[in-house]
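Asks: Let me see the structure of the following:
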Amino acid sequence: MYRKLLKVSIVLALVVVVLGAYTRLADAGLGCPDWPGCYGQLIVPDAKEGSIIEGYERPLESVKGWKEMIHRYAASTLGLVILLLWWQALNNKPIYRQSMSLPTFAAFFVMLQGAFGMWTVTLLVHPGIVTIHLLGGFITTAVLFWLLLNQTKPTQTYSRISASNKVILLFTLIILFLQISLGGWTSTHYAALSCGEQFPTCLGSWWPEMNLSKIFYWGPIGINYEYGILNDTNRAGIQFVHRIGALITTIIIGTMLYRFHQYKRLHTHLFVIALLLIMQLILGIINVLHSLPMVVAVLHNVVALLLLLSIIALIHKSFKS
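Replies: Below you'll find the predicted structure:
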């Protein structure tokens, strides 16, 4: 039951990440101006499109409201499953017993994610809060995935990996996570198309005019950040830094793949990582050249998560054998 619940939770976590990306990219983050309900109800009100609901200033947009509420329903279901996992672990249900620290962290963290989901709405899609909420979804999925990996039989196959290669692997994970953070930062500042439909140049230049001091602009609490508040120059800087990050991440992952190529039993795993990396680069370029097609943009988020999980799986093989 514990393993089955873990598998269900990981699928649910992937669904929540997809729905979260879709909601954000569809500009539906404020489709419901309150939390946890929508205009004071548990479902989107059955009212005329564009009408003003009593007590709320924002006109009703039913389509956006349903996108937001479906995301909330899925996230709430995931939270309940994770709490049930914690209860199962507490009662020693796992096949391979483990400490309670990670299941407890997962239970606590998913509740924290709920709070950030609330703040995303109440703080009017503040870029910092939305980015943290996005990263929280990735971390939640990663923790659940690690718990599932812990329920597999240990093996001696990968016990000869050198300490230096283990350090490189951990460094690769950190760089990848930072690049995912930059991607979230780019999205929440509505900067994905700030370089125009140009790649590898940006606004007709290899090094566009940009204000580096505004790249990590946090911004005050209390104003509406929907559709972004930074000017085009500042957004171009965010997009350009994300591209530089992609180049650095590619080099680091490539170096890690080269170093690990000596371990023949890992070749299939390394091939998957390389394939996901190539897919991610292609999806990022298509996003720019074709003005952020919804399917491609959502897939860009999904493949980033899968790439993260593949690196985590490699870490598990390297350290837990």
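Asks: Give me the helices and strands touching the helix or strand containing residue 115, please.
Replies: Using DSSP states H and E, residue 115 falls within helix 101-122. Helix 101-122 sits against helix 62-90, helix 127-149, with contacts defined as 3 or more C-beta pairs under 8 Å, 6 or more residues apart in numbering; DSSP states H and E. Where you see a C-beta, it was placed from the backbone N, CA and C, and this is true even at glycine.
Asks: so can I have TSV of the ones you listed showing distance to residue 273?
Replies: Shown next, in TSV, are the helices and strands packed on helix 101-122 (distance: least, C-beta to C-beta, whole Å):
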stretch	distance to residue 273
helix 62-90	26
helix 127-149	15
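Asks: Pick the most buried one from those helices.
Replies: helix 127-149 (a mean of 21; mean count of other C-beta atoms under 10 Å).
Asks: and the next element down the chain from that helix?
Replies: helix 163-188.
Asks: buried residues in that next one?
Replies: Neighbour-count burial for helix 163-188 flags 165, 168-169, 172-173, 175-177, 179-188 (criterion: 16 or more other C-beta atoms under 10 Å).
Asks: Tell me what angle that helix forms with helix 127-149.
Replies: Put simply, helix 163-188 runs at 140 degrees to helix 127-149, going by axes from the mean of the first three to the mean of the last three C-alpha atoms, to 10 degrees.
Asks: I'd like the next helix or strand past helix 163-188.
Replies: Taking DSSP H and E, what comes next after helix 163-188 is helix 232-260.
Asks: That next one packs against which elements?
Replies: Using 3+ C-beta pairs under 8 Å, 6+ apart: helix 232-260 touches helix 163-188, helix 267-289.
Asks: Now the next helix or strand after the last one: buried residues?
Replies: Using DSSP H and E, the helix or strand that follows helix 267-289 in sequence is helix 294-320. By neighbour count, with 16+ other C-beta under 10 Å as the criterion, the buried positions of helix 294-320 are 297-318.
Asks: Need the mean per-residue confidence for helix 294-320.
Replies: Mean pLDDT, computed over helix 294-320, is 95.
Asks: What of stretch 179-186?
Replies: The model assigns stretch 179-186 a mean pLDDT of 96.
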